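In: Let's see this in three dimensions:
(4 chains)
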Protein chains: 4
Amino acid sequence: MASDESAAAAKDERVERRRAFHTYPEPSWCEFLTTSRLVDAVEDVGVDALHVGRDVIAPEHRLGVPEDDVLDRWHERAADHGARSDVLDATAGGMTGLVAVLENGPGPVIGLRVDIDALPVEEATGDDHEPACEGFRSRNAGAMHACGHDAHMTIGLGVLEELAASEFAGTFKLFFQPAEEVLGGGKPMVESGHADDLDAFFAVHVGFGHPTGTIVSGVEKPLAIRQTHAEFTGEAAHAGSAPQAGRDAMQAMAAAIQNVYGVSRHADALTRVNVGRAEAGTASNVVADRATIDLEARAGTNDVLAYLTERVDRILGTAADMHACDLSSTTIGKAPRVDSDDTLADVVGDVASATTAVETVRPTATLGASEDATYFMRRVRENGGLATYVIVGTDHPGGHHTPTFDVDEASLDIGVNVLTEAIRRTFAADDHRQ
Amino acid sequence: MASDESAAAAKDERVERRRAFHTYPEPSWCEFLTTSRLVDAVEDVGVDALHVGRDVIAPEHRLGVPEDDVLDRWHERAADHGARSDVLDATAGGMTGLVAVLENGPGPVIGLRVDIDALPVEEATGDDHEPACEGFRSRNAGAMHACGHDAHMTIGLGVLEELAASEFAGTFKLFFQPAEEVLGGGKPMVESGHADDLDAFFAVHVGFGHPTGTIVSGVEKPLAIRQTHAEFTGEAAHAGSAPQAGRDAMQAMAAAIQNVYGVSRHADALTRVNVGRAEAGTASNVVADRATIDLEARAGTNDVLAYLTERVDRILGTAADMHACDLSSTTIGKAPRVDSDDTLADVVGDVASATTAVETVRPTATLGASEDATYFMRRVRENGGLATYVIVGTDHPGGHHTPTFDVDEASLDIGVNVLTEAIRRTFAADDHRQ
Amino acid sequence: MASDESAAAAKDERVERRRAFHTYPEPSWCEFLTTSRLVDAVEDVGVDALHVGRDVIAPEHRLGVPEDDVLDRWHERAADHGARSDVLDATAGGMTGLVAVLENGPGPVIGLRVDIDALPVEEATGDDHEPACEGFRSRNAGAMHACGHDAHMTIGLGVLEELAASEFAGTFKLFFQPAEEVLGGGKPMVESGHADDLDAFFAVHVGFGHPTGTIVSGVEKPLAIRQTHAEFTGEAAHAGSAPQAGRDAMQAMAAAIQNVYGVSRHADALTRVNVGRAEAGTASNVVADRATIDLEARAGTNDVLAYLTERVDRILGTAADMHACDLSSTTIGKAPRVDSDDTLADVVGDVASATTAVETVRPTATLGASEDATYFMRRVRENGGLATYVIVGTDHPGGHHTPTFDVDEASLDIGVNVLTEAIRRTFAADDHRQ
Amino acid sequence: MASDESAAAAKDERVERRRAFHTYPEPSWCEFLTTSRLVDAVEDVGVDALHVGRDVIAPEHRLGVPEDDVLDRWHERAADHGARSDVLDATAGGMTGLVAVLENGPGPVIGLRVDIDALPVEEATGDDHEPACEGFRSRNAGAMHACGHDAHMTIGLGVLEELAASEFAGTFKLFFQPAEEVLGGGKPMVESGHADDLDAFFAVHVGFGHPTGTIVSGVEKPLAIRQTHAEFTGEAAHAGSAPQAGRDAMQAMAAAIQNVYGVSRHADALTRVNVGRAEAGTASNVVADRATIDLEARAGTNDVLAYLTERVDRILGTAADMHACDLSSTTIGKAPRVDSDDTLADVVGDVASATTAVETVRPTATLGASEDATYFMRRVRENGGLATYVIVGTDHPGGHHTPTFDVDEASLDIGVNVLTEAIRRTFAADDHRQ
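Out: Predicted coordinates:
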């Protein structure tokens, strides 16, 4: 990094940038404006190659893609807010994201992945919620950066700037991945082939209960996960004059919900189940002929996830049948568990220990959440490379995915500094690979 | 009625009119275009008084009024489709409906009520669904005249035309009531005072399983009903990293649904319960902090309805508490049970027996459904008048409230003829009242 | 009846008799002592034929027969209390009941059926419970005459005495039917053939909310019913160290219970569902590998019962499958709906109107309960005879089947008098049959 | 140990002894015969002090004590099978268990605890179940040593014999604890004061998936647990004629079961919930007025257990209220989590590594189950002593608590040898305490 003055300027710029992202959150696969702004920012830095939209996504591997009318609405809104037409073309139909590449001669190929999508959460309005007070609360109703991806993009751009401004030997690839929240973007970006030549890979996430000043250098337990959209189809009937003529999708749904939560714990690994969204029927006087739920199962191992999903699927099917309904279900998100490599985590740990403003370095921590960055990690390790998942601590008043979530902007610089130096150091050492 | 020729013309006109209504269904309290078209039609006939919108609705008694943005959307759509601006003004904010009055000197005051709203049902598209084949399928996505109110309005206008064209002594009031499907319009129209001077009152409904050619002259058992909107509020949390921090509105909702359906039957009267609409949460990876359901209880007596609602309310409250959520609930529709008077039903029965195309006359039948016309009936009877609820049979391929519902248009004339003559006869006899 | 004095004596004797029955209630198919005492009483009267135990029961049609060890225990207890060894032999293995026959030359054959079993209810002990105060509370722990069968037997014996002491032409058959409470004894007694030659048939029940002094001459709506015993079999596991290894019969059972109560009401007839008994698992730290429930469905018509049972069976099967358990279920009780004949009910009504102490005669009433006397009624009517089901009102402090149920002993004489005279009158008129 | 020959004899004797215990399993607090036989065996060895029954149990701390009639039945059965009358007196009323003491002059006080009760499991009968083939299957119907306590008692006696036959300085206390399966005996035995002077404490358990030849020297994660007996009281009613008059304990119970299983997982520690026993109602035609369930919650930390029990209690209360029932609940078993001391575990590990037939030594393992030995461990540690929980591996064909559970008798000697030597070594070193 350069002088103190330029550092302060960079910091202010990062805060601005993060707040700009925060103001216009876009849901998974709808990050049209976001992609456009990232392209602008990357071009401002100057890179050797830039791949956008359908060049970085293998469409058949996408999960959790919204209906066309939703995609269209966000696409139009992005246009209204000034998204570039070339980017809008390249991303049309839910093909968002980009990969920026710096090539500095021979040397290892290092990747960094940051995620770019927001959540379907209505942001808080209270006086104690800083984005509301400071005027950068979400302007997209029903959408919010409630998991820090605004910070991730900012950190990613910061690292790119730092690396572009410095000497290093090798190639740096910065992956701006869409649709992490639905665990739908990781696999299609990996399947696009851009991660096939990586010698080392970093993923980064802020928070998860770790305060500002803490760095976790290698997460060991992202939960394996499967997310499912299930639809129960029955038959409508007048609830007063012919209730028996109905096949009640509402009851099928309620039975499914109650019993899915009751799936037995497993002695071999921790488990999670959640039904997070439901929608059924039309009016109180009609037996519901249709009900949909979005649910998920997570587990500490891939095997226990297989156990869970078998049980969940059994419950969905029998709950439908119990009330004479039909079931159709589709996987809307999926990610395996893949742990970090100690070798690469150690590099991060060493760097972090020497970084100003870092007070605590944890060699590892459990995630308790899921991540489709694990698709990158698995691919890189299969190819003989190293991978680690880094947490940059940040004080956050509300929990992840809640309306009062926020990040401590002081963590932006910490993230940029630790990751930039770790990437440089990985270059420098170059002892992990022949 | 006049010559055969003009009768045939009238019939064609009625079919046209019913299909026009069918094409633009509007949900409860959003019948802006419908009200405008009815005003046009009534003015074409020529009446002595016409009261529209806020002149016929006591706003504080309305139930089931949608959110402002929904009202606004339909209001704008009505404007786009050419609704009259005076009617749009008079009905703004969900104050739909009208009362048309013919005054022909001294004599009794007779009322007829028809309902005008549609249902939140997506109409069928198949080749065996006549509105689809014949080009008058609903053009308002997600809304459908699936309970015959298009026919009711047509019959009401037909009776008005017939009475206007004939000699009679007394006053005829035609009530076009909004929001019957949510049982929300009957009471506010009665509380507007327009029904206070009625000596006799007729309500009419097509179908309910009675084929074309059948007239039920006095329904005896409309079910008492209460419809409720319940909202469970919990607390969101990340389903992977902190599930225990959530208070799960999804589970509260599911427990409520499962147990509401299990409310015990009652030995004194038949009962119905239905949860017809549900909506909860945002995404599979967030513990749902909010869930809403629309549900209803019906019973064969007002006392048993009181029993049912006590049990249902207990379940809603405890289900919320069970998962540490809060509950707020509001009544969105309500109607008592009021039976028909035999005296007035007999008038209808006599007339029907003498009417061409009527093959079967039933003195009574149970309704199995609920109706807020019972508010009119109760008011009229309290004031010493007579009331009856008439069913005009119609062959209907799909059940009421289902996507394939349709009416046999041959029943339109039958309805007009029987009701016109019954109203005339009630005038003529004039022996029910001094 | 004879002089006032002997009437008073008869009355006292009836009260004694009823109390004796009340003191030693025996559950369905275990009425060994009861059968023995009835045989004694019938022999005291003197009859022309007496058929006991396996002579009056077609064993393959029995339902709800308890396990052998239960039968044995009650059989032994009956022996301990002095039951006759010939009756114990004739009834061994759960073949209880008897048919007593008076043959008085040519004339019609008339049957009266009374039921003899008790319920698995622990009788109340409070001071306000007369059987407890007066010393005739049940001495069989866990069993109680809580539905008035003690009164029924007393009335039946009273009618037999009266008829035996008077002149009449024809044959009278008195059926003491076992296992009515489990709806298991009606069919096997009918299938024994003893009811095949009946020209007229009466069944009698006290109470059902009708006070002392009321006679209902012909019940019209006994509910059709099916009772089921269902067993869920899963797999046990240690709830702490290997919960996932279990297949949890407890959860299957709970899902079944919750959803069975939610089976939709039916527009064509009233319905009832009840899960009345459940037993599952062994200890809190073992995943339950077995659960059993006893449940029933009732309906106002045989068709709606078929609807209900189809839905209930579907729920049982899917609930088992939902938790990877197996289901086996058996019908433990069953009775159709059969209404009373007006002709025969009119005879009862005429007699009742002329009977001292009868204040109110109702031509009909709904039962709201089920009865396997309907098997007799159906058989008699199929053979061209007449049948009616008579209710003898009795003030009863607690509800049927509850620990505080009791009968007003004043109703005993009323029952005897009305039925005796109705049977005589049916003889006398003899116009119902060639 | 002495010569090979006497070792073989000892081994045979141990097998005999274990099989004798296996043949007569007795449930928690009913170990009357078992206590008598243990007293005999201890007296055969010869000890310095022997405390039996009410001398070793603080009655007010007992949990999970059965009803008096159950206690009486087992007490009588023990008498029938030859239990000593002095022991029957000392243990009457459910005061089972004993503490045997060897005092060999000055030195530390060392305790070993083994548990003595059996489970309510019906033992398997198949040819592949060795106890069945070899003729030592349980002769007490419905009871079974399905968790190896027969082996524990045998190991305990073996250690006593070995220590009694050898030189050592100090005091050895052998605790034969009743009612471990209901987690009800640990606390009252500790509260009796006999464990207050311990300097070191060992608990032992066989199996838990570890094969013969494995020793786990210090379990680190016994789950904290609370077991609850809950009773729902409603009101009975005739299910056909007056269902609405009931308050249905069956539905309250089913709602409780379904929702208890759905209590959210916790990010801080693993959790378990199980409803293991249920009983409700009397017959299918009576609305159930009473239902009871036995359930449990376990957690990896005492704090998370507090979270779980708060949620479970909330659900029980609201489920009762939901169906207008009353709830009463009592804790029937309880144990905290307490981990082993590394220092003491290391002694066991060192000994085990040097023991013939031990192939694998694990310094630690999670238990996945709960144990009220933790009450001993907590008391000893509070008093400055050391404690460890040792697992002696044993091949077991069926899972713990299942009908096919069995132990590999080769593990008996291993257990005796490792524990004896560990106790001796703890004496010898004497460096853990001043």
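In: In contact with the spatially most central residue of chain A, which residues are there?
Out: The centroid of chain A falls nearest to A:Glu180 when counting by CA atoms, centre = their mean (2.7 Å). Residues in contact with A:Glu180, defined by CB atoms under 8 Å, 6 or more residues apart in numbering or on different chains, are A:28, A:115-117, A:149, A:186, A:371-373. C-beta coordinates here come from the backbone N, C-alpha and C atoms, glycine included.
In: how close does it get to chain B?
Out: A:Glu180 is 11 Å from chain B, where distance means CB to the nearest CB, to the nearest Å.
In: State whether A:Val204 is indeed within a strand.
Out: Yes - under DSSP: H, G, I helix; E, B strand; the rest coil, A:Val204 sits within a strand.
In: Name the SS class of the residue lying closest to it once chain neighbours are set aside, please.
Out: Distances taken as CB to CB, 6 or more residues apart in numbering or on different chains place A:Val390 nearest to A:Val204, at 5.0 Å, with adjacent residues excluded. Here A:Val390 is recorded as strand under three-state DSSP.
In: burial of A:Val390, as a residue count?
Out: A:Val390 has 25 neighbours, counted by other CB atoms under 10 Å in any protein chain shown.
In: Help me confirm that it comes into contact with A:Gly218.
Out: Yes - assessed by CB atoms under 8 Å, A:Val390 is found in contact with A:Gly218 at 7.3 Å.
In: any common contacting residues for these two?
Out: Shared contacts of A:Val390 and A:Gly218, defined by CB under 8 Å, 6+ apart, comprise A:Val348.
In: ok, back up a step: ok, now which ones touch the residue nearest to A:Val204?
Out: So A:Val390 contacts A:202-205, A:215-219, A:348, A:418-419, A:422 (CB under 8 Å, 6+ apart).
In: CSV for these, including pLDDT?
Out: Formatted as CSV, the contacts of A:Val390 follow (pLDDT from 0 to 100):
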residue, pLDDT
A:Phe202, 98
A:Ala203, 97
A:Val204, 97
A:His205, 97
A:Ile215, 97
A:Val216, 95
A:Ser217, 95
A:Gly218, 93
A:Val219, 91
A:Val348, 96
A:Val418, 97
A:Leu419, 97
A:Ala422, 96
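In: export the residues you listed to TSV and tack on neighbour count?
Out: Shown next, in TSV, are these (neighbours: other CB atoms under 10 Å in any protein chain shown):
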residue	neighbour count
A:Phe202	28
A:Ala203	28
A:Val204	25
A:His205	29
A:Ile215	27
A:Val216	28
A:Ser217	27
A:Gly218	24
A:Val219	28
A:Val348	28
A:Val418	28
A:Leu419	26
A:Ala422	28
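In: quick check, nearest of these to chain B?
Out: A:His205 (10.7 Å; CB to the nearest CB).
In: how far away is the closest one from A:Phe136?
Out: A:His205 sits 21 Å away from A:Phe136, going by CB to CB, to the nearest Å.
In: ditto for A:Ala200
Out: Taking CB to CB, one finds A:Ala200 at 34 Å from A:Phe136.
In: out of those two, which sits in the more crowded spot?
Out: Neighbour comparison, A:Ala200 and A:Phe136: the larger count goes to A:Ala200, with 25 against 20 (by other CB under 10 Å).
In: what residues are up against the residue of chain A positioned farthest from its centre?
Out: Centroid-distance maximum for chain A: A:Ser241 at 48.5 Å, with CA atoms, centre = their mean. When contacts are counted by CB under 8 Å, 6+ apart, A:Ser241 touches B:208-209, B:367-369, B:400, C:267.
In: Name the SS class of it, please.
Out: coil.
In: Can you report phi and psi for it?
Out: Phi and psi for A:Ser241, reported as degrees, to the nearest 10, are phi -90, psi -20.
In: Apart from its chain neighbours, what residue comes closest to it?
Out: With sequence-adjacent residues excluded and distances taken as CB to CB, 6+ apart, A:Ser241 is closest to B:Gly368, at 3.6 Å.
In: Make sure the one you found is actually in contact with B:Phe208.
Out: Yes - at 7.2 Å, B:Gly368 counts as touching B:Phe208 under the criterion of CB under 8 Å.
In: more crowded one of those two?
Out: Neighbours were counted for B:Gly368 and for B:Phe208 using other CB under 10 Å; B:Phe208 has more, 26 against 23.
In: Helix or strand for that one, just tell me which one.
Out: For B:Phe208, there is no enclosing helix or strand under DSSP states H and E.
In: Could you do A:Ile257 as well?
Out: Per DSSP H and E: A:Ile257 is located in helix A:249-260.
In: Helix or strand next in line after that helix, which one?
Out: Counting by DSSP H and E, what follows helix A:249-260 is strand A:271-281.
In: what's downstream of that following strand, the next helix or strand?
Out: strand A:286-287.
In: Could you name the helices and strands sitting against that following strand?
Out: When contacts are defined as 3 or more CB pairs under 8 Å, 6 or more residues apart in numbering or on different chains; DSSP states H and E, strand A:286-287 sits against strand A:237-238, strand B:271-281.
In: how far is it from where the chain is centred?
Out: Taking CA atoms, centre = their mean, to the nearest Å, the mean C-alpha location of strand A:286-287 is offset from the chain mean by 38 Å.
In: which outside residues touch that strand?
Out: A:234-239, A:243, A:245-248, A:250, A:281, B:119, B:121, B:274, B:276, B:401, C:264.
In: ok so, going back, which non-adjacent residue is nearest the residue nearest to the centre of chain A?
Out: A:Asp115 (3.6 Å).
In: Test for you: state the pLDDT assigned to the residue in the stretch 101-250 of chain A positioned nearest to chain D.
Out: Closest residue of the stretch 101-250 of chain A to chain D, CB to the nearest CB: A:Gly209 (8.9 Å). In this model, A:Gly209 is scored at 90, pLDDT.
In: The one helix or strand A:Arg77 maps to near chain B anywhere?
Out: Using DSSP H and E, A:Arg77 falls within helix A:68-80. No - judged by CB under 8 Å from any CB of the partner chain, helix A:68-80 makes no contact with chain B; its nearest approach is 11.1 Å.
In: quick one: average pLDDT of that helix?
Out: Helix A:68-80 comes out at a mean pLDDT of 96.
In: got a list of what the nearest residue in space to A:Tyr24 that is not next to it in sequence touches?
Out: Using CB to CB, 6+ apart and skipping the chain neighbours, the partner closest in space to A:Tyr24 is A:Leu33 (5.7 Å). Residues in contact with A:Leu33 (CB under 8 Å, 6+ apart) are A:24, A:26, A:77-78, A:81-83.
In: Kindly report the residues of chain A close to chain C.
Out: Residues of chain A lying near chain C (CB under 8 Å from any CB): A:241-244, A:246, A:248, A:251, A:255, A:258-259, A:262, A:264-268, A:287, A:307, A:314-315, A:318-319, A:321-324.
In: so where do the helices sit in chain A?
Out: Using DSSP state H, the helices of chain A run over A:4-23, A:32-45, A:68-80, A:85-91, A:130-133, A:149-164, A:186-191, A:249-260, A:302-322, A:342-353, A:373-382, A:410-429.
In: Give me the packing partners of the longest one, helices and strands only.
Out: Secondary structure elements in contact with helix A:302-322, counted by 3+ CB pairs under 8 Å, 6+ apart, are strand A:224-233, helix A:249-260, strand A:271-281, strand A:290-299, strand A:326-335, helix C:302-322.
In: picking up where we left off before, which of the residues of chain A next to chain C are buried?
Out: Buried members of the residues of chain A next to chain C, scored by 16 or more other CB atoms under 10 Å in any protein chain shown, are A:241-244, A:246, A:248, A:251, A:255, A:258-259, A:262, A:264-267, A:287, A:307, A:314-315, A:318-319, A:321-324.
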